[in-house]
Structure formats: structure tokens, C-alpha cells
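Asks: sequence and predicted structure are below.
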Amino acid sequence: MTVSTQGLRIRTGSRIVGETVELLSSMRFSISLLTVICIASVIGTVVKQHEPAINYVNQFGPFWADVFASASLFSVYSAWWFLLILAFLVTSTSLCIARNTPKILADFKAYKENIREQSLKAFPHRAEGALGEAPEAAAHRIGQTLLGSGWKVKLQSRQTPTGTGWMVAAKTGAANKIGYLAAHSAIVLVCIGGLLDGDLVVRAQMWFNGKTPFTGGGLIADVPAQHRLSASNPTFRGNLLVTEGTTSGTAILAQPNGVLLQDLPFSVELKKFIIEYYDTGMPKLFASEIVIQDLETGERKEARVEVNHPASHRGVNIYQSSFDDGGSRVKLQAVPLNRPTRPFEVEGTIGGSTSLSNGDNQLTLEYTGLRVINVENFAATNNAAAGVDVRKVDLRGSIESRLGAGHKTTTEKTLRNVGPSITYKLRDGAGQAVEYHNYMLPVEIDGARVFLLGLRETPAEPFRYLRIPVDDKDGLDGFVRLRAALDDPQLREQAVRRYARSAVEDGRPELAEALAASATRALGLFAGAESVRTDALRPVADGAAAARPREIVGGLQAVSAFLESNVPEAERERASDVLVRILNGTLFELMQLSRERAGLAPLERDEATQKFMTQAVISLSDTFFYPAPMTFQLKDFTHVQASVFQVARAPGQNIVYLGCLLLILGVFAMLYVRERRLWVWLSPSGDHASQASMALSSNRKTMEADREFDLLKTQLLKVQP
């Protein structure tokens, strides 16, 4: 039997109904639906699903993000059109099965023993031979031989003009047709399981039961009933966040325009969260030790949930999804950077905020993240620039370094945990926020220990880091004192006088006065006491360039702008060298004055001091670009972990498993089981003799079928191939 691609034809008075049923039950319609589902699945794999809307705007732009959102491409598997296609695929495949099952079952039982003798000559595999035995005896012998080889046999006697003839009809490999039914039934079962475990039931409650997504805030217990799903909900999949030492029994089901709350028939208490890390800083294991309390019976049972090792209670599976901060308590110290600000401390919890006020400047400090482990790669970057000694080249080692696992690299990695870090946002009165990321401990980079202060304006940007050198106490106090002294006009004046006296020999007051004037001007420009106006070029409509005045305040950029505006180009290089030496010397004296005011001993003029001052000059210049008057350093914290569970009631799971099993069996049956039918017609040819005609049909033309037919000729007809 050949499976038809045509649909089911019904007798009805309406031509439209008949054509609709024929289309739905046709194989071409099912294949088209499968193609659309595959394309949609590719989109759902490439495009991250259920991300915040701002992420899609940053990735695709406002226009395309709105277009893709209207087509539900950001939630493909729960989109109405995807569920509708699945429903049509179930209907179409079911009709295909209903159309072909009676034919397959009838063909499964039929031996087709009524085939005519002349028809056997039309088969590609055919043979003839004379047997020295009567037709009946030959038929029984052939039948017994085929039965012994696993064939199913049926004998039929026929009256012919020359006497009684016998037809031997045999078949094997009928499981090939069962494979067709199993594979198509598997598609139906998988789709039904997907519909049951998808959003279809939840959406039905929203359509017909008045449930609406919740878009507000506040406590979960205060959310009205129209935003909640009952504990008897037959299918759902949501997230449950539980902090260490707390209990939760309400899951969150994310929706495109809000969330639905799913009440669970039990509560989950997180006793302890366990996490282990690789050397790279990536999590190696995270597990949760929980207590499940049944809300109906009060029964309590302990369980351990790991990745790929869920717990289960009352038909709800609890999976370890991820982990999060559970509201760690942090203590931050405000460190002034580019404005005179009095140091102070603030305390808060991750996820909370603190209001700050500095006169008319209102800020909100939002605590967004705490990481207690930060593993960074500190491999030397100058190895590639070093000369290669050919006498030390190890060819074997070079080849082996490039073979093996795909993640192997020839770049050396030096991984080191640099300690905790804090991430926070400073939001102004207009609602604009800048995100900051500061490390608690200093980090050694290029041979110098520095504090890293990161910032970015938008989440799409990487963090840019300001490097602050540590002082002789391995802290920030030395740099902070120097920055405060730079803002003090009196200390700047004293530093200039000291520098002039130390740089000029006694008896040359006019030279000392000129040097002091230059140092005052350089230090004033660097400190931002006076600004420099430059004429930057900007393009205009006709393609020309127009001058646009720009004011530069503070830092090395102000000194550079002053030189460009007041010194001829031919003399700028020599003048900049002189001015930088004067600036460095004046800043060193300013550093010594700041230490004297703090009651500390002066710094020695050694290599360590030179490294500190070199980095300090660059850092002081960069502070003028820092958008906040202060930075917040992590002083202390109490780490609180939270576990994120995925809770799911999936009645379609077993249906999908059954469908997968049928699909495997069906595919293997269709690919590896060959259906063959054999006919041998035995007609009388004299006393105790017969003439045999044999034919073989197979659903696939293979070399194996040729060899099998040759073997059958030898066994049944005594004909040598």
C-alpha cells in the first residue's frame, strides 16, 4: 500500500466543507504547518525570550522592537498564532491518521493471495523454474521453509484447465506500516502535551475566568484575587524566589504586560543555599536544602534540590533554576572625588534605596548588586611583544597546545579572585541614573595597586573604570587628601612657593618669581580654578566647518587646551615638557602639605612614591569626568543568598514522553524495517511435477533485496543465481 498525500474526501452537500476537510487532512498541509513551526522555533531560539522590553529596544531599536513585539516574537512559544498552528497541526495529523489507519490495518491483514499469474511477470524481481514434485507438495514445502525464515504464509488452491494449482502468498516486515502510525501519532501526542503544558490553560482562564495580569507593586499578600490562579490550576510554570531562612508559597508567572500569581498547594522554606565555584569564577554547583510544608495536611518533608535533580510534591516539580541576592545588608562609605564633600556612611539592603540630599541636589542611591567573588584574568600582556628565541621553540608542545578540547587556548591565563564588589545607581531628581561598579579591595594592574571605580550611563555599555592609586597604607586616604588639597587655594599657593624655592638656587629671586607664576598658572588650570575656551570645529549644512566655543575645566585636558591656544605649534612640545615637570613637582609638594596637615610624615622620594604620583596625576585628571561628587566604597556587608526555583505542574509531560517513545519506534520502523511480499504460483506439469513462477515486492529497492531474492530462488525453486 502506498500512503497517499491527498486528504480525506467526504460525501457532503457542501463543496466548501469537503474541500476544507480534504485540505486539513492532506499531508501537504501538515508538512507546511511543520515548516512554519520550525521557522518559529528558530526565531524563538535566536531571539532571547521574555526579556525586559528595554533590552529589545537597545538591541533592535524602537521601531523594530515595536514591530517584533506586535508579532509576539519575544514570546514565540506562548503566542496565539503559535498555539493556533499547533492546534491545526494536531487536527491535520489526526485526520491523516484517521484517513490512512483503515487502509493500513486492512493491508496489514491481507496476503493478496488472489493476485493473477500474469501479474507476477510485471515485478522486477521474478523467477521461474520446474520442480519435480506435485504442486500441493511443493506448496507445503515452500510454505514451511518460509515459516521457518520468519515469513507469514497463506496457501490457496485454484482450479486450472490443467489441474489444481497452488498459490503461496507470504509477507514480512509489516511493522513498517505500524511505524507510520506510530510516528504520526507521536506528532499528535507531542503537540497535545505542548498545548497542555504551555500557556493555553492560563490564557483560557484569562479569557473566560476574568484573570488579569498584575502591574502594580507591594506585598504579595495584598494582590487581589483577579490576579491570582488557584492551587488547583491543572498546568502552570513559574518562578519562586526564596531567601535563606524565609518561606514562600506563591510563584510568579511572567506575562507580556505584567505577572500572574500562582498559589501553590505547599510552601517552600530555604534552610541553606550551597554554591561552589570553578577556578574561573563560574558556578560549579548550586543546590538548595529546603523544607516542603503541605498546606492541607501540615506535613513537612526535607529535600535537596540541585540542577537536573528536582524535588516533587503533589504533582508539582521544583527545579533549581538559578540564584540571586536575598537582600544582603551593606555598609558604604562616601568618598569625595571632584567636589569638597564631607565623608559619611550609609547602610542599606540590596534591592533597596537611600535618599541623599546636598542642598538643591537631590539624589537617590539604589543598591543593585553585591558580588562576593570576582575572578579576573591577570595574565601578562607583554609576552607576545617579547622576542622569540628559536633555540627554545618546542614544536611538540606548540602542536599539543592547539589540539584537544575546543576551549583550549594558547593564551596563558592567570586567574585571581579580587574580592567583593558593589554595584549601585545614583538617580537624580529627573529620574536619570548612572550605574557604578566599585571593587572593595585594591587590584594590582601593571605592577601598581589601584582601586577600580567603574561607571556606565546605560546597561548596553560596558563599564569604564577610574584607577585610583593606593597610598602607603594601601588605602584611598592619600589620594583623597591630595584631591581635597587640590581644591584648596591656600594649599595650592603654599605648594607653589615650596616648589619654586626648591627648584631655584638662592640669590635668584627673579627666576623664582617667574617659576612661581608659571607653576601657579599650571596648577590653577589643572585644579579647574580657571577654565580654557577653545574653538572646536563642527560640520554645517554646506559641508564646511564652523567654530563652536567650548569651555574646558580642570585636568590635563585643560593644560593641553591652554598650550594649543597660547603657544605656537613649533614650541608646544618643549613648552609641554616644561609645564608637565612643573605640574608634577607642584603636585608632589601639594601631597606633602596634605600629609603635614594630617599629622603624617612626609613621603620619601623613592620609586614607590614616583609610581604613586604618576598614577595620581592621571587619576586626578580623570576625576573631572566623574559624573558624581563622590564614590561609595564597600566597607562591610552581610551576605544573604536567595534561591530561584522553577515550579511546574506539567500533566502533558508523560504524554510527551510517550510521544517521544512512539516517534523513536516509528522512525526506526520506517527506516530499518523493509516490507516484503512474496508470491509463488505452482501449476501442474505432468505427473508429480509442477511449474513455478515466483515474484518479490519490496517497499525499497536495495542491494539487500537483490541478495535476498537470489537466496529465495535457491531455497524455494532450486534455481542457482
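Replies: Received, thanks. Residues are numbered from 1 along each chain as shown.
Asks: for the stretch 151-300 of the chain, which spans come out with low pLDDT?
Replies: By pLDDT under 70, the low-scoring segments of the stretch 151-300 of the chain are 280-281.
Asks: all helices of it, in order?
Replies: For the stretch 151-300 of the chain, the helices defined by DSSP state H, counting those that start in this stretch occupy 175-197, 200-208.
Asks: tell me the most buried of those?
Replies: Among the helices of the stretch 151-300 of the chain, helix 175-197 has the highest mean neighbour count (mean count of other CB atoms under 10 Å), at a mean of 20. For every residue, glycine as well, the C-beta is placed using N, CA and C.
Asks: angle of that one against helix 200-208?
Replies: Between helix 175-197 and helix 200-208, the angle comes out at 40 degrees (axes from the mean of the first three to the mean of the last three CA atoms, to 10 degrees).
Asks: that's a strand at Glu347, yeah?
Replies: Yes. Counting by DSSP: H, G, I helix; E, B strand; the rest coil, Glu347 is located in a strand.
Asks: ok, it - contacts?
Replies: Contact analysis of Glu347 by CB atoms under 8 Å, 6 or more residues apart in numbering lists 329-332.
Asks: which strand residues bridge it?
Replies: Lys331 (DSSP bridges).
Asks: I figured Asp325 hits Leu370, correct?
Replies: Yes. Between Asp325 and Leu370 a contact is recorded at 5.8 Å, counting by CB atoms under 8 Å.
Asks: off-centre distance for stretch 555-563?
Replies: Centroid displacement of stretch 555-563 relative to its chain, using CA atoms, centre = their mean, to the nearest Å, is 46 Å.
Asks: my error: substitute stretch 648-658 in the last question.
Replies: With CA atoms, centre = their mean, you get 25 Å for stretch 648-658.
Asks: again, but for stretch 614-624
Replies: The chain centre lies 39 Å from the centre of stretch 614-624; the measure is CA atoms, centre = their mean.
Asks: who touches both of Asp325 and Leu370?
Replies: Residues touching both Asp325 and Leu370 by CB under 8 Å, 6+ apart: Ile350.
Asks: and these two? which has more neighbours close in?
Replies: Remark: of Asp325 and Leu370, Leu370 carries more neighbours, 23 against 19, as counted by other CB atoms under 10 Å.
Asks: now do the same contact list for the more buried one.
Replies: By CB under 8 Å, 6+ apart, the contact set of Leu370 is 325, 328, 330, 350, 420-423, 634, 637, 639.
Asks: rebuild the residues you listed as TSV, extending it with pLDDT and distance to Leu73.
Replies: Output for the contacts of Leu370, formatted as TSV (pLDDT from 0 to 100; distance: CB to CB, whole Å):
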residue	pLDDT	distance to Leu73
Asp325	87	31
Ser328	91	36
Val330	94	39
Ile350	92	33
Pro420	91	39
Ser421	93	35
Ile422	94	36
Thr423	95	31
Leu634	93	40
Phe637	93	41
His639	90	39
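Asks: just the buried members of the residues you listed?
Replies: Among the contacts of Leu370, those scoring as buried are 325, 328, 330, 350, 420-423, 634, 637 (criterion: 16 or more other CB atoms under 10 Å).
Asks: pick the one among those residues closest to Ala500.
Replies: The nearest member of the buried ones among the contacts of Leu370 to Ala500, counting by CB to CB, is Leu634 at 41.9 Å.
Asks: tell me which element the closest one falls in.
Replies: Taking DSSP states H and E as the criterion, Leu634 maps to strand 630-638.
Asks: chain center to that strand, what's the gap?
Replies: Remark: strand 630-638 is offset 31 Å from the chain centroid, using CA atoms, centre = their mean.
Asks: do stretch 461-468 as well
Replies: For stretch 461-468, the distance to the chain centre is 25 Å (CA atoms, centre = their mean).
Asks: average pLDDT for that stretch?
Replies: Mean pLDDT, stretch 461-468: 91.
Asks: for Glu551, find the nearest of the helices of the stretch 151-300 of the chain.
Replies: Glu551 lies closest, by CB to CB, to one member of the helices of the stretch 151-300 of the chain: helix 200-208, at 57.5 Å.
Asks: now that closest one, how far from the centre of its chain.
Replies: When C-alpha coordinates are averaged (CA atoms, centre = their mean), helix 200-208 and its chain have centres 29 Å apart.
Asks: I'd like the buried ones among the contacts of Leu370 laid out as TSV, including distance to Asn233.
Replies: What follows is the buried ones among the contacts of Leu370, written out as TSV (distance: CB to CB, whole Å):
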residue	distance to Asn233
Asp325	30
Ser328	34
Val330	38
Ile350	32
Pro420	41
Ser421	41
Ile422	40
Thr423	37
Leu634	43
Phe637	39
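Asks: picking that back up, immediately after the strand holding Leu634, which helix or strand?
Replies: strand 641-649.
Asks: low-scoring stretches of the stretch 1-150 of the chain, by residue?
Replies: Where the stretch 1-150 of the chain drops to pLDDT under 70, the residues are 1-15.
Asks: now the helices for it?
Replies: Remark: helices assigned in the stretch 1-150 of the chain by DSSP H, counting those that start in this stretch are 15-24, 27-46, 53-60, 62-70, 80-109, 135-148.
Asks: want to throw those helices into JSON lines with distance to Leu712?
Replies: Below are the helices of the stretch 1-150 of the chain laid out as JSON lines (distance: least, CB to CB, whole Å):
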{"stretch": "helix 15-24", "distance to Leu712": "41"}
{"stretch": "helix 27-46", "distance to Leu712": "34"}
{"stretch": "helix 53-60", "distance to Leu712": "65"}
{"stretch": "helix 62-70", "distance to Leu712": "62"}
{"stretch": "helix 80-109", "distance to Leu712": "22"}
{"stretch": "helix 135-148", "distance to Leu712": "8"}
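Asks: wait, which of those is closest to Gly429?
Replies: Closest to Gly429 of the helices of the stretch 1-150 of the chain, according to CB to CB: helix 53-60, at 21.2 Å.
Asks: and the closest one, which residues are buried?
Replies: Buried residues in helix 53-60 (16+ other CB under 10 Å): 56-57, 60.
Asks: next one: stretch 239-248
Replies: Neighbour-count burial for stretch 239-248, counted by 16+ other CB under 10 Å, picks out 239-244, 248.
Asks: one more: stretch 521-535?
Replies: Within stretch 521-535, the residues that count as buried by 16+ other CB under 10 Å are 521-529, 532, 534.
Asks: just give me the closest of the buried residues of helix 53-60 to Gly198.
Replies: Closest to Gly198, out of all of the buried residues of helix 53-60 and judged by CB to CB, is Tyr56, at 21.8 Å.
Asks: nearest spatial neighbour of Thr91, skipping sequence neighbours?
Replies: Of all residues not flanking Thr91 in the chain, Leu24 sits nearest, at 6.0 Å (CB to CB, 6 or more residues apart in numbering).
Asks: and if you look at Phe60?
Replies: Of all residues not flanking Phe60 in the chain, Phe68 sits nearest, at 6.4 Å (CB to CB, 6+ apart).
Asks: all strands of the stretch 201-350 of the chain, in order?
Replies: 228-229, 236-243, 247-255, 258-277, 283-294, 300-306, 311-313, 316-325, 329-336, 344-349 (DSSP state E, counting those that start in this stretch).
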